[in-house]
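**Student:** any chance you could fold what I've pasted below:
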Amino acid sequence: MSYKNVDEVLQWVGAVLIVAGHALNAIGPAVYPYNIAVFALGTVAFLIWAYRVGNKPQMAVNVVSIAIGLVGLYKALG
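**Tutor:** Numbering: from 1, shown residues only. Take a look at the predicted model:
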C-alpha cells in the first residue's frame, strides 16, 4: 500500500469513528463511556494523519480533543 493510500485510510477511519461517536452520543447515556472511547480512536487516527501530512492546525485540534477525551474517560471510569 502506498503512503497516499495509508493517509486516505487514516482519514476515512477517523471520519467513520467520529461519526460513530456522534451516533453513540445520540443514543444517550446507555453507551457512556463507549462514545468517548470511539471519539478518542477517531481523533488518534486523525492525529496520525495530520502528523504524516504536516497539518499543524489539525494536529493541535486533535491533541486538545484527545486531552479532553482522556479527562472524560477518567471521570467515567473513575
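**Student:** now do the top helix by length along the chain, average pLDDT.
**Tutor:** Using DSSP state H, we find that the single longest helix of the chain is helix 3-27. For helix 3-27, mean pLDDT is 94.
**Student:** so what does it touch, helix or strand wise?
**Tutor:** helix 34-53 (3 or more CB pairs under 8 Å, 6 or more residues apart in numbering; DSSP states H and E). Glycine gets a C-beta too; all of them are placed from N, C-alpha and C.
**Student:** would you put the C-alpha positions of the helix it packs on in CSV?
**Tutor:** Provided in CSV are the C-alpha atoms of helix 34-53 (Å, rounded to 0.1, in the frame of the first residue of the first chain):
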residue,chain,number,x,y,z
TYR,A,34,-18.0,3.9,24.8
ASN,A,35,-18.9,7.1,22.9
ILE,A,36,-15.8,8.8,24.4
ALA,A,37,-13.6,5.8,23.5
VAL,A,38,-14.8,5.8,19.9
PHE,A,39,-14.2,9.6,19.6
ALA,A,40,-10.7,9.1,21.0
LEU,A,41,-9.9,6.4,18.5
GLY,A,42,-11.1,8.6,15.6
THR,A,43,-9.1,11.5,17.0
VAL,A,44,-6.0,9.4,17.2
ALA,A,45,-6.5,8.3,13.5
PHE,A,46,-6.8,12.0,12.5
LEU,A,47,-3.8,13.0,14.6
ILE,A,48,-1.6,10.4,12.9
TRP,A,49,-2.9,11.6,9.5
ALA,A,50,-2.2,15.2,10.4
TYR,A,51,1.3,14.4,11.6
ARG,A,52,2.0,12.4,8.4
VAL,A,53,0.8,15.2,6.1
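**Student:** now what about it, what contacts it?
**Tutor:** Contact partners of helix 34-53, identified using CB atoms under 8 Å, 6 or more residues apart in numbering, comprise 3, 6-7, 10-11, 13-18, 20-21, 24-25, 27, 55-56, 58-59, 62-63, 65-66, 69-70, 72-73, 76.
**Student:** the inter-axis angle of it versus helix 3-27?
**Tutor:** Our comparison of helix 34-53 with helix 3-27, counting by axes from the mean of the first three to the mean of the last three CA atoms, to 10 degrees, yields an angle of 160 degrees.
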